[in-house]
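**Student:** have a look; sequence and predicted model below, questions after that.
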Amino acid sequence: MPHMRWMVFVCLMGLLVNCTPPPPSADMRGASATVVPTPAASNQNPAATPAADATTTAPQALPLGDGKFSQTSQQGYIYACSTRISNEGAFASGAWLDETNKVWYPDLKPSVDGQVWWDAASVTIDVAGATRTISSNALPKNHPTGIFPVQNSDDAYQYDRNPNTISAQQILYQLPQMPQLSNAVSCLPPGIIGVALTGVPFYNGFDEGGRDAVAHEIQDDCDGHPQQQGQYHYHSVSACVDTKPDDAGHPALIGYALDGFGIYAANTGTGTLTTADLDECHGTVSEVVWDGAVVNMYHYVATADFPYTMGCFRGTPVQSNATMPADGAGGPPAGGPPAPGGPPPRRP
């Protein structure tokens, strides 16, 4: 009997030991686990313990500019001289386009492959008296282009088979050094509306189908592509140019419109402008650096959203002093729906 009482005592002690809870500091999930504390119910300001913001990883959505033609000046639209519509340009769309909700996602859009540098690129911008002369061969200075025609091994080929080859295109403009606002705004032509400091022309924001060219057409990593005659051009500010403001917060000059006014970056040092901040021609009046002096003057702003650079001319545009290649509405590259068993149609 004493032996039996001893065994019962040992068993009871074992049960008590095994049932004893672990000390509060013990982590029963293992050393690699992350402990997520349960927030206590209190009146503490939620901002003091912010949760992760899901929008930091979500792709940016921009409104589509499809069909935003206007027969007069209107904020967020293009007052276009030509509204000719064709089925040329990119022939397919992908995950970056949501035409049902009329938005697109720049971060999801592919670009044309390649890094082609142009040693022959040439651009000069000179001021003499009241005239600013811009001369360029339209090849980009200080940045590469993609490989055009688009290669069939390129992922861009399944959306936009741009068959055009980049070639030098001599352009020459004589602009007013100190432009003036006109009594009435002017429409934007389908081809060149301005010239970037890189020597590359700016076209308006449409393709030949009256669609948002930046959203639909596939450009290279520097946001350019050639049209039918081989003229490389932008429809928006290039990702390969410097858009940082100066130390005083003045926006960076990125080019000149054909009425002589400057086209500046949207980053002001204290914020980034959008179309909603600008007038019907996509411009504003603020302090900028103009030919080395700080002045308060009208200028256009190159934003991330449509119409990207300009909606109309606020000054009086000049004509080119050189023979320019003809171009269609918006100046996109040729292309279109692929014919069964063959490549897309090509314009001469």
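**Tutor:** Looks like it arrived, so ask away.

**Student:** going forward, measure contacts between C-alpha atoms and count neighbours the same way
**Tutor:** Fine.

**Student:** and the pLDDT for Ser82?
**Tutor:** Note on Ser82: pLDDT of 79.

**Student:** can you tell me the closest non-neighbouring residue to Ser182?
**Tutor:** Gly315 (4.8 Å; CA to CA, 6 or more residues apart in numbering).

**Student:** am I right that the one you found is in contact with Leu181?
**Tutor:** Yes: using CA atoms under 8 Å, Gly315 is in contact with Leu181, at 4.6 Å.

**Student:** of those two, which one has the most company?
**Tutor:** Counted by other CA atoms under 10 Å, Gly315 and Leu181 do not tie: Gly315 has more neighbours, with 20 against 13.

**Student:** relative to Ala302, how far out is that one?
**Tutor:** 17 Å (CA to CA, to the nearest Å).

**Student:** same check, this time on Tyr157
**Tutor:** From Tyr157 to Ala302 the distance is 28 Å (CA to CA).

**Student:** more neighbours: which of these two?
**Tutor:** Per other CA under 10 Å, whichever of Tyr157 and Ala302 has more neighbours is Ala302, with 28 against 20.

**Student:** what stretches of this protein score poorly on pLDDT?
**Tutor:** The model of the chain has pLDDT under 70 over residues 1-58, 83-89, 320-348.

**Student:** give me every residue that touches the residue nearest the centre of it.
**Tutor:** Nearest to the centroid of the C-alpha atoms of the chain, with distances taken as CA atoms, centre = their mean, sits Ala304, at 4.8 Å. Applying CA atoms under 8 Å, 6 or more residues apart in numbering to Ala304 gives the contacts 236, 274.

**Student:** what do you get for Arg314?
**Tutor:** Residues in contact with Arg314 (CA under 8 Å, 6+ apart) are 181-182, 184-186, 259, 281.

**Student:** change it to 10 Å
**Tutor:** 73, 179-187, 257, 259-261, 279-283, 298-300 (CA atoms under 10 Å, 6 or more residues apart in numbering).

**Student:** surely His250 is in contact with Val294?
**Tutor:** Yes: using CA atoms under 10 Å, His250 is in contact with Val294, at 8.7 Å.
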